[in-house]
Structure formats: C-alpha cells, structure tokens
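Novice: Predicted model, plus sequence, below.
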Amino acid sequence: MRPPVILKTTSLFDSSYSCSSPSDRRLNTLARHFVCAHNPMASHDDISASPTAASDSVFAQLVRAPEDPILGVTVAYNKDPSPVKVNLGVGAYRTEEGKPLVLNVVRRVEQQLVNDVSRNKEYIPIVGLADFNKLSAKLIFGADSPAIQENRVTTVQGLSGTGSLRVGGEFLAKHYHQRTIYLPTPTWGNHPKVFTLAGLSVKTYRYYAPATRGLDFEGLMEDLSSAPSGSIVLLHACAHNPTGVDPTLEQWEQIRQLIRSKALLPFFDSAYQGFASGSLDADAQPVRLFVADGGELLVAQSYAKNMGLYGERVGALSIVCKSADVASRVESQLKLVIRPMYSSPPIHGASIVAAILKDGDLYNEWTIELKAMADRIISMRQQLFEALLSRGTPGDWSHIIKQIGMFTFTGLNTEQVSFMTNEYHIYMTSDGRISMAGLSSKTVPHLADAIHAAVTRGV
Amino acid sequence: MPIPNSLTAPILRRSTVAGVRSISSWFRSIEPAPKDPILGVTEAFLADQSPNKVNVGVGAYRDDNGKPVVLECVREAERRIAGNDFMEYLPIGGSIKMVEESLKLAYGDNSEFIKDKRIAAVQALSGTGACRLFAAFQQRFHPNTQIYIPVPTWANHHNIWRDAGVPMKTFRYYYPESRGLDFAGLMDDIKNAPDGSFFLLHACAHNPTGVDPTEEQWREISSQIKAKGHFPFFDMAYQGFASGDPERDAKAIRIFLDDGHLIGLAQSYAKNMGLYGQRAGCLSLLCEDEKQAVAVKSQLQLIARPMYSNPPLHGALIVSTVLGDPELKKLWLKEVKVMADRIIGMRTTLRENLEKRGSPLSWQHITNQIGMFCYSGLTPEQVDRMTSEFHIYMTRNGRISMAGLNTGNVGYVADAIHEVTKSS
C-alpha cells in the first residue's frame, strides 16, 4: 500500500478552512508535509508537531471518491428535474405504476411481528437465525437434498448477497489453499471489489459474446480449462447480472463436468431465484446439479429482489462440504470471520423470511407474488422488443426476449448511453445494462424512442 | 420458462460421477475454531439445565425478572413503521435522518461541527461495524500505523483491527491492585507512543472493567494526546446507559472536542435503545471542513460497498423515529434512566450482600465502577468454580454483566462469589 500521500498541496491550500487563523493552519500544514508528523517511522527528533497539531486532520490528503457506478445512477436520476426521466439503473423492482413494491405477504408478516409482544430484539447468534438458515438451505438445495439430509451443509445468515459473498470470500482467503477467484466477463460491478478486499486475487473467464449477445460457451470452457486446479470459480446461478444470458441446462452439465474434472471450487451467486423464470425450483437447477454429484461448493443467496427486502439486508451463505464433521468445523471458522465484521446479523429481515418460508400458506402466496413480478418483467421484454421492431430500429433486438431476469444487456455503448441520458433522461449504467424492472407500459415507448435515436444518430 | 422434469432427471442421474466422490474435502484440514469467549458463555448457559443458573456473561440488559426488554418507545416506533411502503436500499452511507440524530446525540444538539457540516458520518452495523469500517479506513489511508488499545478491552476489538490488517499496541489502563484506573501508566504510555499514533478510547462505561477516568483525568488525557498529535478514536457503546444521562456520558467526547481534537467515534444503539439484534450504529469522523468531510464520507462508502453494500433499514427507522419525535425521545430518556438506575441499584445491593457475608476482600470497586460491567477481580479458576459449582456464567476474565443480576438472584450470586473467594 502506498504511504500517506503528501502530494496534494494544492488542494489543501485551496480548501476553505473554517478555522480562524489561516496562517497558523498553513504553517502547520507545511510542517506536516516536510516532516509527516503522522509517520511513526520518523525519528522523534524530526517530529515538530505543533501544539495545535490536534486540529490538523490525519485524513487531510483524502480525495473524494467517485460515486458507485451502479448506485450512483440513482443519485444522478434523483437530481434530474425532468418529468420524463426513467430510472433503469439499480435492479430494484418497480410496479407497472413505477412504484417500489412491498409484497403483501411481507406486510402481513411484519404486522404479525409487531403485534407479537413476546418477541424481543436480542442479539441473534453470530451465524444468524437457525430456522432462517435451515429454510434458506432448503430453498436453494431442495428440501430433499442429500447434502441437507446428510448434514453436510453449513449455512450462515449474511448481509444480503453482498455480505454473504464477502464472508465466503474472506473464509476462502483464510482457509482455502487457492487464492484466485475467476469472475465472468462481464459481471456485477461490485464483485471484483468484494473479493479483492476479502483477500483473494481476481481473474476472469470469457462469458458474454457481444457478437451474438449470448453466451461465449467455447470461450468459457477454454478459460476454465486453463485455470489452475483448485481455483475458485464464481458462477451466477441464474439471470446473469448484467447480461441476462444464462447457460442452458446441457451447457451447465458440461460446465459442471469440467469444473469437477479440474477440481475447481464453484461459488454460486444466487440473487434472483424465482425471479428469472418465475419458478423457484427451475431457477435453482444449476446449483442442484452441482450438489447432486456429491462435490463441494459455496452459494450466496439474496432475498433483496425475490422477497423485495432490499433495505433489510437479508441473505445467506451456504457451504456444502464432504462430510458433516467438516461442515461443523467450517461453521465455527465462519463465525470468526463474521464476529470482527459486524458481530451478528440483523434480525428483522431474517424473521420475515423465516416466517414466510415455514408457513405453507404464506409460502404459496409468496410464490404467486414472485411469479407476478417475473411475468411483468417478461412482458416488458416483449413490449420493448415489439416497440423496437415497429420503429424499424436497425439491428437484431431478439436478445431482449432471449435474455432472462431483471436486466437486459442492450449492446449500447457508453457514448450511446450518455446520449440517452442527456437527451432522453434515461438513466442506466454505462455498460448498456437496463433494469427491465424499472420499465412500465407507459415508459416503454419513451425508451424505444431513445434507443432508436441513439442507434440511428451519426454513424 | 419452466424446465420440464424429463430434461433434468437424466442429467441429474448422469451427474453422480464416481470421480467426484473420490475427491476428499478441500476443507479437511480446517481446525474447529475456538468458541467466542463472550458469546460462547451464553451458548453454554442455554445448554445448562440447572434451575439456579444465572447468566452474567453477555452484556445485554435484563429487567428485574431477568427478561430482555423491548423499550416502549421502540415498540411505538415499530407500530408507526409497520406497513411502511419503503423497503428499498438505503444509500451506502445509510439513513441520513438516523445519522443526523446520532450526531446530535453525540456531539450536542447545537454542535457547531454539525452546523458547519464538518462531520463525515455513515450508518454502521452497530458498534462492531463502526469500528471495523474505521479500522479498514485507517489501514487504507494510514497503512503504517497501529492502533493503541487499552488493557484490557472488549475482546472483539483485537479481532476487528486484526482482520482489518492493522497491528495493535497496548496502553496501560486497568490497575488490578486498586481495581481502578492506572492513570500514571496510561499517561506514560500516551507520552511514549510515537507522535501521531492512533488511540482507542472507551467514551464511558469501559468494557470490561467499568473503570472510567474522572472528568479531570479526561482533561489531562486530552491535553497529552493533543501534545503528541495522536488520533483519538472513541468507542461509545453505552451513552445514556452509564449514568442514566446521555449528555453526561458524552462528557469525555465534549472535552476532546472543546480541546480542538478531530475525533473519530463509533456509536451503538444496541444497549441504550435495546436494539441489539437490529445492528444499528454510526461511525463519524470530525474533519477540518465540509469539503474534507464529503471526501472522507465518500471513502468510507467505498469500504462499505464491498462489505455489505448498504446498511439495514429497520433499526435505522426505529432510531430516527424515536430520536426525531420529541415525545418519543422524552420517553426514551426516561426508559434509559430506568435501565441505568436499576444497574446502579444492583451494584449497591451486590456490594452490600458481599460485605454482609463478611468477605475478607474489598468490594468497593463494585460501586466505583460504572456501566453494564463489573470487573470482579475473580481469577479464571474462581470463575470456573462459579460455573461448575454454582451454574453462574460469566467470562473468564472475571467480568460480570450487572444487567444479569436482579433482586431474585443477587443473593445467590453474592453467596457464590463469597464461597469461591473467601479463602483468598
């Protein structure tokens, strides 16, 4: 890591200090640059920290960080006063009226929880709520999964998908013999940072083929073949983010065979179970394929989208191990990763999820609401596709209906994206990804106009 | 589109490849981790069948019936929140309202620093999360520094800075002979640390000892830290809980602010609002000006995003509802005082009980110490006897959570302590 930067003299002098003696301040700042009072390696004789050293910030050299590329889109959208603006940035579901949605089943459970005066707010265990963990494992692996029957699965509650990935990554960095994780190109913008900060080094494998706007299957198989044995491979369980391009089941089977033959360790990110096809079981097939062969794997689950619990940060990390004994030791080590990060996870969201998953009626209601969300998205795809066809927009837009899940990788470039934002107030990430969940029948025509204009202007 | 079963079945049958079963576990060599010394106590307590068992381990408040408490102000806040249309992601830095209220509570309602927008602050996963964010921030921007932690300190502090990659040094704090503060040792260690070192200070109700500097001592500590150009990082997990008065419990912080320090601060609502499992807290850093505060906050967000993306909503809504409504805030202040008073009452009762039994030792420290915990002075062996013979659960450093005591069990606990210490 580089030492504290001492180069930003101009910005420091330019800063508007609110302190009352500017010249004192400048002298102190100068002194710090020549002597770096905060460097413990400097000898004590050199330290000429003035009595007012306490008023100089140790973080004076910091520059402002850029906005998060994904969450920053919403920030920009919120600033825009235009009445026709559309937010297709972050993947949060919107109704046909463009409103966020709290599922009915979630509302009901929340009310139950509030009315239940026997409930308390105590710390939950480091690994989270026990029934939440068991039910989450059943959801992704199937209730009759041999791994669950044989107690070979350890599940810990995590801070949604992000937190579950981070805990999994830190666990692997501490305890696994290989420190490299392979991410698909492209992948969710936050993946590389999550794993790098967890202590792993990041490599990539080919995934998306721009020419077909589909899967570069050969490239994928080649790159995974040449990965060193034991490397970790990140796989999107379904509804790949940002492309919406998923392997077929046959392709998954081939991927599985390759991964097992090279002894690579699969780490699934499952953020859209139920959201992709509308069926929870269908969307879990790729993960279950891997579990069925008896091998080990990790999977991070998120309830942000499929239960609409975004802000409550509910998720789970499961590690499928060879034996119950290993699973129990793994769990004990996971606790050591979690405790110094946030001690124990938040209770509220997990309580809601557990209540829904364990009650037959609530569970059914949930699957119906989930399918309705997935169906609305599929219908948006259809509408957008037809809108572009009817405008005669040049190019093949069939990928809009072939891709699956919350996002469409339009194939638009950064320049076209900028144009759409500036001229049409359409907000999306610069990689051309649009969140279909942010569309409605009312806004599809506006988006189609924008795409049409972007594609036909100039060149 | 649903995948027909006929398609998956043959694939699943084919996939039980013999070759995979013969690979042994990648995690075969993983050792079982030691139990967390603090949370492991509660696990053991729960497993104990004895009707006399007492849990004075983890620092979670209990009422006089030994029951966890959900504050009335919190219940009312939750009633107002239920049916909320909003479950969207909070910004990476968390709820703005919650952060605003947190800063007012810590820095003062009329703090000039708040007015001047000089505080970089983000919502964090309770106190742990706030400390971890700061530790990671310290590592990133001052990678050659260490953190000076008091001896003893909350056990998890070690883990937090270690996992963030920041080496630790210690400074003297607790003086076993007096069961009080080693003030001379503390001042010495501050003086001898290299200029510009990072110091972790407990703002009030030191955990695990319950030993706090006096106001006068805090002033001297502030002076010395200022003279050395050290960075003071406060962990404040018990504001309001220690004395019953949040303003009073923030005295150390206000002394440092008056002295011109640019402090860092971790706040937790786990105890003082009883929001333990909600993981509600705040990390703040006082900067030189607004521009710097904006820069620092943005950098904190870069650390939070790959850790958990954005913090949990529910706890934040509770905090901002309670603190943002004058009536609810008044109710909260009353309820916090009730909790603090009960604990102060238990300290008196425990001490009286031990003195009544004719204990040869001095138990003055029980009432001198403050906050949730009492550093009893029991040795690990004596603690083990407390557990094995009397089913009383506490951490092996002799730390007793006063909140676990009540009129029903304080006599029994006094008996047990007397029993294991009478021959010392």
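Specialist: Yep, it's here.
Novice: make it CA atoms for all contacts and neighbour counts henceforth
Specialist: OK.
Novice: can you give me the strands for the chain?
Specialist: Going with chain A. A:86-87, A:153-159, A:180-185, A:201-206, A:208-209, A:214-215, A:232-236, A:265-270, A:297-302, A:314-320, A:407-409, A:426-427, A:433-435 (DSSP state E).
Novice: Oops, wrong one, chain B.
Specialist: B:54-55, B:119-125, B:147-151, B:168-172, B:174-175, B:180-181, B:198-202, B:231-236, B:264-268, B:280-286, B:373-375, B:392-393, B:399-401.
Novice: Could you tell me what pLDDT the model assigned to the residue most central in space within chain B?
Specialist: Centroid-nearest residue in chain B: residue B:237, 4.4 Å away (criterion: CA atoms, centre = their mean). Looking at residue B:237, its pLDDT reads 97.
Novice: who touches it in this structure?
Specialist: By CA atoms under 8 Å, 6 or more residues apart in numbering or on different chains, residue B:237 lies in contact with B:127, B:204, B:266-272.
Novice: tell me, how many neighbours does residue B:380 end up with?
Specialist: Applying other CA atoms under 10 Å in any protein chain shown, we find 13 residues neighbouring residue B:380.
Novice: whoops, I mixed them up, residue B:378
Specialist: 18.
Novice: gap between it and residue A:180?
Specialist: Using CA to CA, to the nearest Å, residue B:378 is found at 48 Å from residue A:180.
Novice: got it, and residue B:62?
Specialist: Distance, residue B:62 to residue A:180, by CA to CA: 47 Å.
Novice: Which residue, other than its chain neighbours, is closest to residue 310?
Specialist: Since you didn't name a chain, this refers to chain A. residue A:304 (3.9 Å; CA to CA, 6 or more residues apart in numbering or on different chains).
Novice: Correction: the question concerned chain B.
Specialist: residue B:92 is the one closest to residue B:310 (CA to CA, 6+ apart), at 4.2 Å.
Novice: Can you read off the pLDDT for that neighbour?
Specialist: For residue B:92, pLDDT reads 94.
Novice: For the stretch 251-400 of chain B, just list every one of the helices.
Specialist: B:251-258, B:290-308, B:313-324, B:326-356, B:364-368, B:380-390 (DSSP state H, counting those that start in this stretch).
Novice: So for chain A, which of the ones you listed sits nearest?
Specialist: helix B:290-308 (3.9 Å; CA to the nearest CA).
Novice: what is the rounded mean pLDDT of the closest one?
Specialist: Helix B:290-308 carries an average pLDDT of 95.
Novice: now stretch B:165-181
Specialist: On average, the pLDDT along stretch B:165-181 is 95.
Novice: again, but for stretch B:245-259
Specialist: On average, stretch B:245-259 scores 98.
Novice: ok, residue B:107 - contacts?
Specialist: Neighbours of residue B:107 in contact, by CA under 8 Å, 6+ apart: B:113-114, B:250, B:253-254.
Novice: Oops, could you answer that again for residue B:254 instead?
Specialist: Residue B:254 touches residue B:107, counting by CA under 8 Å, 6+ apart.
Novice: can you check residue B:368 too?
Specialist: With contact set as CA under 8 Å, 6+ apart, residue B:368 has these partners: residue B:211.
Novice: one more time with 10 Å
Specialist: B:179-180, B:210-212, B:347-348, B:374 (CA atoms under 10 Å, 6 or more residues apart in numbering or on different chains).
Novice: What pLDDT is listed against it?
Specialist: 94.
Novice: Same question for the one 4 residues further on.
Specialist: The confidence metric pLDDT takes the value 92 at residue B:372.
Novice: Can I have the buried ones of the contacts of residue B:107 as a ChimeraX selection?
Specialist: Per 16 or more other CA atoms under 10 Å in any protein chain shown, the buried members of those correspond to this ChimeraX selection:
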select /B:113,114,250,253,254
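Novice: so what's the spatially closest residue to residue B:186 that is not a sequence neighbour up against?
Specialist: Leaving aside its chain neighbours, residue B:186 sits nearest to residue B:172 (4.9 Å; criterion: CA to CA, 6+ apart). Going by CA under 10 Å, 6+ apart, residue B:172 touches B:148-152, B:181-190.
Novice: out of the contacts of residue B:237, which touch chain A?
Specialist: B:127, B:270-271 (CA under 10 Å from any CA of the partner chain).
Novice: Burial check on residue B:51, number of neighbours?
Specialist: 7.
Novice: burial of residue 291, as a residue count?
Specialist: By default, I'm working from chain A. Neighbour count of residue A:291, defined by other CA under 10 Å: 21.
Novice: Hmm, no, I was thinking of chain B.
Specialist: Neighbour count for residue B:291, taken as other CA under 10 Å: 17.
Novice: and the strands of chain B, which is most packed in?
Specialist: Comparing the strands of chain B by mean neighbour count (mean count of other CA atoms under 10 Å in any protein chain shown), strand B:119-125 comes out on top with a mean of 30.
Novice: in its sheet, what does it sit against?
Specialist: When sheet partners are counted by DSSP bridges, strand B:119-125 sits next to strand B:280-286 (antiparallel).
Novice: Who does the nearest residue to residue A:235 once chain neighbours are set aside form a beta bridge with?
Specialist: Nearest residue to residue A:235, sequence neighbours excluded (CA to CA, 6+ apart): residue A:268, at 4.7 Å. Residue A:268 forms beta bridges with residue A:235, residue A:299, as assigned by DSSP bridges.
Novice: How much space separates residue A:268 from chain B?
Specialist: Remark: distance between residue A:268 and chain B (CA to the nearest CA, to the nearest Å) = 17 Å.
Novice: what separates that residue from residue A:289, distance-wise?
Specialist: 12 Å.
Novice: Over to residue B:66?
Specialist: The gap separating residue B:66 from residue A:289 is 49 Å, by CA to CA.
Novice: Neighbour count for these two, which is higher?
Specialist: residue A:289 (22 against 17).
Novice: Am I right that residue B:41 is in contact with residue B:35?
Specialist: Yes: if you go by CA atoms under 10 Å, residue B:41 and residue B:35 touch, sitting 8.8 Å apart.
Novice: And those two? Which one has more around it.
Specialist: residue B:41 (20 against 14).
Novice: What does the pLDDT read for the more buried one?
Specialist: Residue B:41 is given a pLDDT of 88.
Novice: Give me the distance between it and chain A.
Specialist: 12 Å.
Novice: tell me the contacts of residue A:396?
Specialist: Contacts of residue A:396 (CA under 10 Å, 6+ apart): A:212-213, A:385, A:388-389.
Novice: Kindly report the same for residue A:171.
Specialist: Counted by CA under 10 Å, 6+ apart, residue A:171 has contacts A:165, A:198-199, A:330, A:333-338.
Novice: and chain A, which of the contacts of residue B:368 contact it?
Specialist: Okay, of the contacts of residue B:368, nothing touches chain A (CA under 10 Å from any CA).
Novice: now those residues: which count as buried?
Specialist: With neighbours counted by 16+ other CA under 10 Å, these contain buried members at B:179-180, B:210-212, B:347, B:374.
Novice: picking that back up, could you give the number of residues near the residue nearest to residue B:310?
Specialist: Neighbour count of residue B:92, defined by other CA under 10 Å: 22.
Novice: okay but it is in contact with residue B:300, surely?
Specialist: Yes: with contacts counted by CA under 10 Å, residue B:92 reaches residue B:300, the gap being 9.2 Å.
Novice: what touches both of the two?
Specialist: Shared contacts of residue B:92 and residue B:300, defined by CA under 10 Å, 6+ apart, comprise residue B:122.
Novice: most surrounded residue in the contacts of residue A:171?
Specialist: residue A:165 (32 neighbours).
Novice: Give me the pLDDT value at that one.
Specialist: For residue A:165, pLDDT reads 98.
Novice: just the one 5 residues further on next, same as before
Specialist: At residue A:170, the model reports a pLDDT of 98.
Novice: on that earlier part again, so which of the contacts of residue A:171 is the closest to residue B:104?
Specialist: residue A:338 (30.1 Å; CA to CA).
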